[in-house]
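J.: turn this into a model:
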Amino acid sequence: MADLDSEVPPLPPRYRFRDLLLGEQGWQSDDRVQVEFYMNENTFKERLKLFFIKNQRSSLRIRLFNFSLKLLSCFLYIIRVLLDDPTQGFGCINTHILSLKVSVALISLFETLLLSYLSYKGNMWEQILRIPFLLEIINAVPFIITIFWPVLRNLFIPVFLNCWLAKHALENMINDLHRAIQRTQSAMFNQVLILISTLLCLIFTCICGIQHLERAGNRLTLFDSLYFCIVTFSTVGFGDVTPKIWPSKLLVVIMICVALVVLPIQFEQLAYLWMERQKSGGNYSRHRAQTEKHVVLCVSSLKIDLLMDFLNEFYAHPRLQDYYVVILCPTEMDAQVRRVLQIPMWSQRVIYLQGSALKDQDLLRAKMDDAEACFILSSRCEVDRTAADHQTILRAWAVKDFAPNCPLYVQILKPENKFHIKFADHVVCEEEFKYAMLALNCICPATSTLITLLVHTSRGQESQQSPEQWQKMYGRCSGNEVYHINLEESTFFAEYEGKSFTYASFHAHKKFGVCLIGVRKEDSKNILLNPGPRYIMSSTDICFYINITKEENSAFEKQEKLPVHSIIASMGTVAIDLQDTGCRTSSRPTLALPSEGGKEGRRPSIAPVLEVADSSSLQTCDLLSDQSEDETTPSDDEVSAGLEYAKGYPPYSPYIGSSPTFCHLLHEKVPFCCLRLDKGCQHNYYEDAKAYGFKNKLIIVAAETAGNGLYNFIVPLRAYYRPKKELNPIVLLLDNPLDDLLRCGITFAANMVVVDKESTMSAEEDYMADAKTIVNVQTLFRLFSSLSIITELTHPANMRFMQFRAKDCYSLALSKLEKKEREKGSNLAFMFRLPFAAGRVFSISMLDTLLYQSFVKDYMISITRLLLGLDTTPGSGFLCSMKITEEDLWIRTYARLYQKLCSSTGDIPIGIYRTESQKLTTSESQISISVEEWEDTKDTKEQISYRSSHRNSTSSDQSDHPLLRRKSMQWARRLSRRVPRHSGKTTEKINQQRMNLYRRSERQELAELVKNRMKHLGLSPAGYDEMNDHQNTLSYILINPSPDTRLELNDIVYLIRPDPLAYVPNSAPSRKDSFCNTVGQDTREETQL
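T.: Prediction:
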C-alpha cells in the first residue's frame, strides 16, 4: 500500500470546505485518482470529424456553404458562355471570372479531400471511386492546372456537372437540417425534393452538354439548346434544331436513356410514399394549429358508430362549427370510416392521423400542445377490459407529459383504475354510470332513458309529423337539455334574487316553462341540486335549468291580454296564470283531495309557494327520525330475521375514488356462508328465495362476475333517503339456467337486470357481440312475460331486437319511423323503439355523448353523477319518483302539481313517465289463439260437410257399381282387423286430449313447462302468473312537459327531492300519504286555483 502511495502523486486539493479546514492533511491521505474520459476524441482528426460531420449544426453550415459553391460554379459557367464571342476564336477570358472559378475550384477540392480523409475507414479505393469524388476531380483539377499553364485558361471545362454535386449536397443538407431542429423529417417532402432536383439536373445537364459539344459544330446558343431539349423531352420533335456531330448525338441518347430509367424509379417511390401518407394521414399544419382551433381524439380502434356519435354531438353546438377534429389512431383507417371522411361536410373539418399517443412524434404531428382538448376513449369491445384501461392510462400519461396544459377528457371502463387518471379534467367511468343507472331503473322507471335524452343534443323536432300524439309529445320533450346562466344576467331568474329556490323554480316554470333544478355559488365548485326552500337566491349564483334551448337563443314576446305570461319561441307553450290571492297559512298540505267541508262548488285549492321558507308551512320527509310506524316498531319477521338497520357510511370501499354515501347498514356483518342463496349453512337452512319470506319483491342482477362496479348498484338502492320498508332484497345471479332462475325467486321478482357480459363484447362481426344477451333475454321475455327486465347492450343498433315480435304491425311501423328519422339526420333515431322509450334497454355507449358534451358544458358530468347518486354533496337533493293515484287526479295539470310539490315538500318535478294502452297492436299469443280456433272450427265444418257429401256420393256410386262396393267392403274388413278397438269413452277421451293439445297456445306450453320445472325442484308454482302479459302497453318519458299537460292515472313523476340532512324538521305527528313517508293533516284553508 505504501508503494502505491509513492507511485501515485497526490492530487491537487479540492476546493471544498473540508479541504480549507484540514489543509494539506485532508487530501494527502486521499488515494483517489482523477480519470479523464473520451480521450480518443481529443485527437486532431476526431476534432475535425466532430466539426465537419458529427455536429449537426456545424455540419449543416458546411453543407450549405458547399451547396452555394456548386451553384456559384454553375452560374459562372453560364456567364462565361453568354459572354463568349465565337467570332474571336480563342479570345481572352475575363480575369475576374477566371479568378472566381479558380478560387471556387480550390475550395471545393480542398473540402472534398478533407472529407474523404475524415471518412476514410481503411479502403482508399472506396473513397476515390465514388461518383461525387470523381466529378469533383473533373471540375476542379483543370482549373488548378491553369494556374501553372496559362495556355489552357481558354478551355471550356464542363463545370455544369456541378449541378449533380449541388443536388447531393442539398439532400445531405436537408437531412442535417431535420437533425439540427430535432424534428422528424417528412419522407414525402424529401422525395418530392429529390424528384424535382433530379429533373432539373437532367434538363440542365442536357442543355449545357449539347451547347458545350456543339461548339465544334453548329455553335448553338443556350436558348437554342433549351429549345431543343424541351421539344425532344416532350416527344414533339420539330426537327428544326438538331445536333450535328456525333458526341452531341451520343449525349442526347444517353440523357434519354437515363431519363427513362431514373425518372420512373423516382415517380414510383413518390407514389408509394403518397399511398403510405394517405394511410398514416400526414401531419396537422403548424400554421393551422396556431390560427385555428382543434381537438384531438385518441382511440385504440375507430369504429363508424363511435365516429359518427362523436362528430354529431361535437358539431351539434353552434360555437364548435369552426373547430377541427384530429383523430389519432394506431390502426389503419377502415373502408367505412374512409367513405364517411370523404363526405365534404367532414373532409374539411376531420383529419385522420395513423399513429400512437405514446410517441412524441405522433403527438407532434397532431399538434397536441396547441389543441383545445384531448379526448381519450377506451375500447369497450376488448375481451380484457382491464388491459384496455391500462392502455387508456398510458395514453393519458403520455399526453399529460407531452402537453401539460391540454385539457384531458378520459373515458375509463373499470372503477378501480380511475385513481390513476385523477389528474384529468373530466373522467367518465363506464361501470360506475352503468350500474347506477341500472339500479335507479329499478326504483325510478326509465332513468336510463331520462339521462340519455338529457345528455344528447336535440332540437326536439323528432316525429313532429307523426299522426301518433304520444310520439309528438315524446319527440318534442326529448329536446330538453341542461343549461346554465348567471342569475343577474338572466331574464328567467333575475327577478327572483333574494327569494327561495323553490319559489324561483316554480314561478320560472309557470312564467317561462323552464325547470330550475340546481345552483352553484360563486365561491364554490359544488353544484347543489334543489337545495330546498331555505336556500336564498343570490345575484352571483349560477343557475342550472332544463329547457328546449338556452336563454341566449330564446325570443320573448309579451302578450297584452295576459301580461304575466311570456312565450319561448322555441317551445310554444304558455304557462298557466295562477291567481295572485292572499297567502294563507297551510299546515302540512298533501296531494290528497281536501275534505268537502267548505263551500259547495269550490274547486280544490293548493297553497302558494312562499318567497321565503316558513318552517311551519314545510312538509318534509323526515327520513332520519324513523317516525313511520313500520320503522319505529319492527315487525315480528324482522325481529326473527335479525334485520336491524343503522344509518352510516360503508366501512370498506371496494376501490379508490368511490364517493362515500350515507346509507342503510346492518348492525352486524353477515357471514359469507349466509350469502349463498342456493345452499344452506349452519346459520340457516334456506335453499331458495321464497323460503326466506322477503316482504318486498326481489331485484335480480344477472352478471358474469361480481366486479367492483357492483358497489355502485347496491349503494343507490340502500341510500339513507330510501325508506326502510321499501328496501328490496338484491340477488346476484352469476349463471342463469332455468333452475337457478326459479330458485332465486324470479316468479315474484320486481325487476331483473341483465348486465352485458364482458366475454361476449368482442365478436368477429361487431353487431353480433349482443347475440347471446338478446336471445337469453328474449327467452326470459317469453317465459316470464310479466317480469320487468332491464337489459344492457353493447351496440344501440341492436335495441330493435329486444322483445322482438315479427308479426307485430306496430313494431314494424316504428321501425320505418326510425329509418325516416335517421335519414333526416336525427341523433336520437332509436328513441321511438318501445323497449328504449320504456326504459327496458339501454347501451352504455349512448353515454359517450356525456363526455363529448362536457367540452361545452363542463358541469354535465357532475350533475349526472348527482342525479344517479354516485356523488353526494351536502345540501344537494336526490332523484326519486312518485306515482299518480286516483286520489291525486284532482290536481289535474302538471303546473298545479309543480305548485303543490313546491309549496308542501319543496320537491322539484322534472318529468313524467307515462304508460298507455297500445291500441293498434295485438300480442302474438292472442293472434295465434284466434287463428288456431278459427282454423279448428273451419276444418271441423269442412270435414263434416266433406264426409257427408263423400258418404252420399260413395253410396250413389257404389249402388251403381256392385263390384266396386264389394271390393271396398273387403278392404274395410282387413283394416278393421289390424286396428285395435277401443270403447266409446276411451276414444272420446283420446280425442279430447288430442284437441286440447292441438288448441293449446305457445304461452300455455311455456307456462306448463315452467310449472313442471318448479314442481320438480320442490317449489310451489303458486306465484307464477302465467297470463299476466304487459305487451299491450307502451311507456315513454316527457321531460319538462308544458304546464298545461294533463295528469293521467298511473303517471310516475320524476322528482328532485331536497337533502333531508340539510335541516332538521320540526317534530310533529305524521302519517303516510300517497307521495311521502310522513304526512300532516289536511287543510281547507288553501288558495283557490
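
J.: what's the mean pLDDT across the longest strand that the chain contains?
T.: As far as residue count goes, and with DSSP state E defining each element, the longest strand of the chain is strand 908-917. Across strand 908-917, the average pLDDT comes to 92.

J.: buried residues in stretch 889-899?
T.: Burial within stretch 889-899, assessed by neighbour count using 16 or more other CB atoms under 10 Å, is assigned to 891, 893-899. The C-beta positions use only the backbone N, C-alpha and C, and glycine is treated the same way.

J.: what do you get for stretch 413-425?
T.: Counting neighbours by 16+ other CB under 10 Å, one finds that the buried residues in stretch 413-425 are 413-418, 420-421, 424.

J.: got phi/psi on Y1036?
T.: phi -160, psi 170 (degrees, to the nearest 10).

J.: residues in contact with it?
T.: Taking CB atoms under 8 Å, 6 or more residues apart in numbering as the contact definition, Y1036 lies against 470, 473-474, 837-838, 913-914.

J.: now for the helix or strand M308 falls within, which elements pack on it?
T.: Remark: M308 resides in helix 304-314, with elements defined by DSSP states H and E. Based on contacts counted as 3 or more CB pairs under 8 Å, 6 or more residues apart in numbering; DSSP states H and E, the elements that helix 304-314 packs against are strand 324-329, helix 335-341, helix 848-853.

J.: most widely separated two among the buried residues of stretch 413-425?
T.: Within the buried residues of stretch 413-425, E416 and A424 form the most distant pair, 16.1 Å apart (CB to CB).

J.: burial count for G911?
T.: Summarising burial for G911: neighbours were counted as other CB atoms under 10 Å, giving 24.

J.: so how far is L867 from it?
T.: Computed with CB to CB, to the nearest Å, the distance linking G911 and L867 is 12 Å.

J.: most centrally placed residue in the chain?
T.: Centroid-nearest residue in the chain, with CA atoms, centre = their mean: D848, separated by 3.2 Å.

J.: for this protein, name the helix or strand with the lowest mean pLDDT.
T.: The least trusted helix or strand in the chain, going by mean pLDDT, DSSP states H and E, turns out to be strand 566-568, with a mean of 37.

J.: related to what we said a few turns ago, nearest to Q56, of the buried residues of stretch 889-899?
T.: Y898 (72.9 Å).

J.: other SSEs contacting the host helix or strand of the closest one?
T.: Assessed by DSSP H and E, Y898 sits inside helix 894-904. With contacts taken as 3+ CB pairs under 8 Å, 6+ apart, helix 894-904 sits against helix 501-512, strand 908-917.

J.: return the most buried member of those.
T.: Of the helices and strands packed on helix 894-904, the one with the most neighbours on average (mean count of other CB atoms under 10 Å) is helix 501-512, at a mean of 25.

J.: taking strand 908-917 as reference, get the angle to that helix.
T.: For the pair helix 501-512 and strand 908-917, the angle between their directions (axes from the mean of the first three to the mean of the last three CA atoms, to 10 degrees) equals 60 degrees.

J.: so after helix 501-512, what's the next helix or strand?
T.: Scanning forward in sequence from helix 501-512, with DSSP H and E defining helices and strands, the next element found is strand 515-520.

J.: ok, S478 to D848 distance?
T.: Between S478 and D848 the computed distance is 18 Å (CB to CB).

J.: before we move on, what about Q803?
T.: As judged by CB to CB, Q803 and D848 stand 25 Å apart.

J.: just to revisit the earlier point, tell me the one of the buried residues of stretch 889-899 nearest A373?
T.: Among these, Y898 lies closest to A373 (CB to CB), at 37.8 Å.

J.: so that closest one sits against P1041, correct?
T.: No: contact status for Y898 versus P1041: not in contact, 10.2 Å apart, counting by CB atoms under 8 Å.

J.: related to what we said a few turns ago, which ones are touching the residue nearest to the centre of the chain?
T.: Applying CB under 8 Å, 6+ apart, one finds that D848 lies in contact with 306, 309-310, 313, 377, 411.

J.: can I get those in JSON lines with neighbour count and distance to I147?
T.: Rendered in JSON lines, the data for these read as follows (neighbours: other CB atoms under 10 Å; distance: CB to CB, whole Å):
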{"residue": "L306", "neighbour count": "19", "distance to I147": "74"}
{"residue": "D309", "neighbour count": "19", "distance to I147": "77"}
{"residue": "F310", "neighbour count": "23", "distance to I147": "73"}
{"residue": "E313", "neighbour count": "22", "distance to I147": "78"}
{"residue": "L377", "neighbour count": "23", "distance to I147": "72"}
{"residue": "Q411", "neighbour count": "24", "distance to I147": "76"}
